[in-house]
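**Q** Next comes the sequence, and after it the predicted model I'd like to discuss.
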Amino acid sequence: MPHRKDEKTRDITELIVKAGEKARRETRAIPEPELTRPIEWPVSCTVGPGLEGAIACETKIGYVNGSKGWLIYRGYDIFELCAYSTFEEVSYLLLHGNLPTKKQLAEYNKKLVDSRNLNNTMRLFMNYPVEGMNAMSALRLGTNLMRHELTYIDREEYKPNLDGVIGSDEDSIPMETKPMGEKDAIYGFKRIKMNRPFKGVNPELHPAAGAESCNHLVSGVATIAAAVARLKLGQLPIEPDPELSHAANFLYMMTGCRPSPVEERIMDVALILHADHGMNASTFASMVVASTLSDMYFSVGAGIAALNGPLHGGANEQVLYMLEEIGNPGNVKKWVKKSVKEKKKIMGFGHRVYKSYDPRARVLAPLAEYLVKKDSSNHNLLETATTLEKEILDTIGTKKKIFPNVDFYSGIVYACMGILPENFTTIFAVSRVAGWTSRILEYLENNRIFRPRAMYTGSFEKEFKPLEKRR
C-alpha cells in the first residue's frame, strides 16, 4: 500500500492541496439547501428532457454542487481525499459509509487482493476475439463472464424466492411507494431468500448481490480492463501482484511494467476523482437495472454500456483526438472560431451539472503539467490544451459558464503515462464501479423499480387497413 506522505510523491500532494485552496477561495458559499435535505415525498420539481432535474432518491454517498464546483464523497471534500487518501480507502468509504480503521483497511485490502485472480474468467475471455473488439464491449463481456465464474445465478437450479415481493408495474398505480402505499412494497436483494445450497453446485459460489459482489467487481473490473489492454496489443494478460496497491497493480497488469511511485500516485488520484459523481447516466443505468432485482454484475454491465457513449465516458478519448486535430497552439484561435461558427461541440468543455470549474479538472490540470515537466514528449499536446482553455474562457466560456471538465485533462494525464486512448474509458469504469455498486446497495435499502412515464403525442382511432390496401 502506498504511504500517503511518501517523500517521492510529496510534490503531487502539494499540487492537490494548492488546487483545493484555490477552489475554496473561489467558492466560499454554502451548498444549495434544496438538494441537501431529506425528501418529503411526494416531491415537486421541474423536470426537463432526459429527466433533467428529476429527483429519484435520497443519497448519503456523494454530492455535486454544480454552481460552486464542489464534489463531496460521504461528507469529505474531493481535494482532501485526493491529497491524503488512497483509492482503497475511498472505495471502502463509498461502500461502507466511513473511512476504514487500520484493521478494517487491512481486511478490505486483503479481500480486494484475493479478488484480483480470475483464472476461469480469463480462460473463457481469451476464447473471444477481444483484439478486434471495442475495449468497453470487451470489458462488459468480461464482467459478464465474472458473473458466471463467481456466482451461482446462471445455474439452472437457481430460482429466487420472491414470496411477498410486490411486482406491480401498471401505469394505473401512480405511486406504489414509499412515499405512498404499502410498507411491504419496499424490497431489496438482501430480503430475497436464495435457495441454497444447490445439489452439485460449488459451495464457494455466491449470490450476485451484496458486499461480496462489490469487492469482486471493484477488483475484477480492473483485472479485466488490464487484460483487454494487453490482448488488444496481441499480448497475454499478466498475473496480478499481491504486493502492489490497487492503482499500481492495475498499471502493472496493463503495461507489464511496475509503475514508479509518481505513476502509481497519479493513477491513484485519477481513480479517486472518477469514483462517484451523482446520478450521472451510467450510475442511473446501473441503478435502473438493479431496481428490477436483477443482479450486481448485470447492473454494473449496464453502467459500462452507458459509460461507453462519447457524451459520457468516451469524451476524454475524443479530447485527445481533438487536440491532435488542432495540431499546435498557433492553430487554436482559427479552430475555435470555425468550430463556434459551425456550432461544433468542443469536447472536454461544459457539463450538465457544473456551471463553474470542475473540481476534478482543477486537480488533473496541474498533474498533467507535472508529468509534462518530467517528460516533454507531450509538451505540444499540453500547450495546445492550455491555449484552447484560455481561448474558450476568453470568448464564450465565462459568459456561458462553460469550463473544462474532468475529460479535458484526464486524457492528457493518461497519455503522459503511455496509456493508449482506446483504454481511457475502461480506466473510468475501473474507478466508477465503486460508485455504481455503492449507490446500488444504498438504493436497494428502500428499493422502488424505476418507472418514469412518457407523454403520448401520437394518433388515435386510426383505421386498420389490410396489407393489400396500404400505400
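**A** That came in fine, so what should we check first?

**Q** ok, then the element right after the lowest-mean-pLDDT helix or strand in the chain?
**A** Least confident helix or strand of the chain, by mean pLDDT, DSSP states H and E, is strand 193-194 with a mean of 44. Heading C-terminal from strand 193-194, the first helix or strand you meet, by DSSP states H and E, is helix 210-231.

**Q** name the helices or strands packed onto that following helix?
**A** Applying 3 or more Cβ pairs under 8 Å, 6 or more residues apart in numbering; DSSP states H and E, we find helix 210-231 packed against helix 87-96, helix 102-114, helix 119-125, helix 135-150, helix 246-255, helix 296-307, helix 424-444. Any C-beta I mention is one placed from the backbone N, CA and C, and that applies to glycine too.

**Q** which parts of that helix are buried?
**A** 210, 212-231 (16 or more other Cβ atoms under 10 Å).

**Q** Could you do stretch 70-82 as well?
**A** Neighbour counts over stretch 70-82 (16+ other Cβ under 10 Å) mark 70, 71, 72, 73, 74, 76, 77, 78, 79, 81, 82 as buried.

**Q** swap in stretch 347-362?
**A** Buried, per 16+ other Cβ under 10 Å, within stretch 347-362: 347-351, 353-362.

**Q** mean confidence score for it?
**A** For stretch 347-362, mean pLDDT rounds to 85.

**Q** Compile the helices and strands packed on helix 210-231 into a markdown table and extend it with columns for distance to residue 377 and mean neighbour count.
**A** Below are the helices and strands packed on helix 210-231 laid out as a markdown table (distance: least, Cβ to Cβ, whole Å; neighbours: other Cβ atoms under 10 Å):
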| stretch | distance to residue 377 | mean neighbour count |
| --- | --- | --- |
| helix 87-96 | 27 | 24 |
| helix 102-114 | 33 | 14 |
| helix 119-125 | 33 | 16 |
| helix 135-150 | 23 | 22 |
| helix 246-255 | 16 | 24 |
| helix 296-307 | 29 | 25 |
| helix 424-444 | 18 | 26 |
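
**Q** Of all these, which one is nearest residue 42?
**A** Closest to residue 42 of the helices and strands packed on helix 210-231, according to Cβ to Cβ: helix 424-444, at 18.0 Å.

**Q** Do me a favour and average the pLDDT over that closest one.
**A** pLDDT averaged over helix 424-444 gives 96.

**Q** same for that helix, what does it pack against?
**A** Counting by 3+ Cβ pairs under 8 Å, 6+ apart, helix 424-444 packs on helix 87-96, helix 135-150, helix 210-231, helix 261-274, helix 281-291, helix 296-307, helix 315-326, helix 406-416.

**Q** now those helices as TSV including distance to residue 109 and mean pLDDT?
**A** Formatted as TSV, the helices and strands packed on helix 424-444 follow (distance: least, Cβ to Cβ, whole Å; pLDDT from 0 to 100):
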stretch	distance to residue 109	mean pLDDT
helix 87-96	5	98
helix 135-150	19	95
helix 210-231	10	96
helix 261-274	13	97
helix 281-291	24	96
helix 296-307	21	96
helix 315-326	28	91
helix 406-416	25	93
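
**Q** Which among the ones you listed is found nearest to residue 57?
**A** Nearest of the helices and strands packed on helix 424-444 (Cβ to Cβ): helix 281-291, 8.1 Å.

**Q** now that closest one against helix 424-444, angle please.
**A** Counting by axes from the mean of the first three to the mean of the last three Cα atoms, to 10 degrees, helix 281-291 points 40 degrees away from the direction of helix 424-444.
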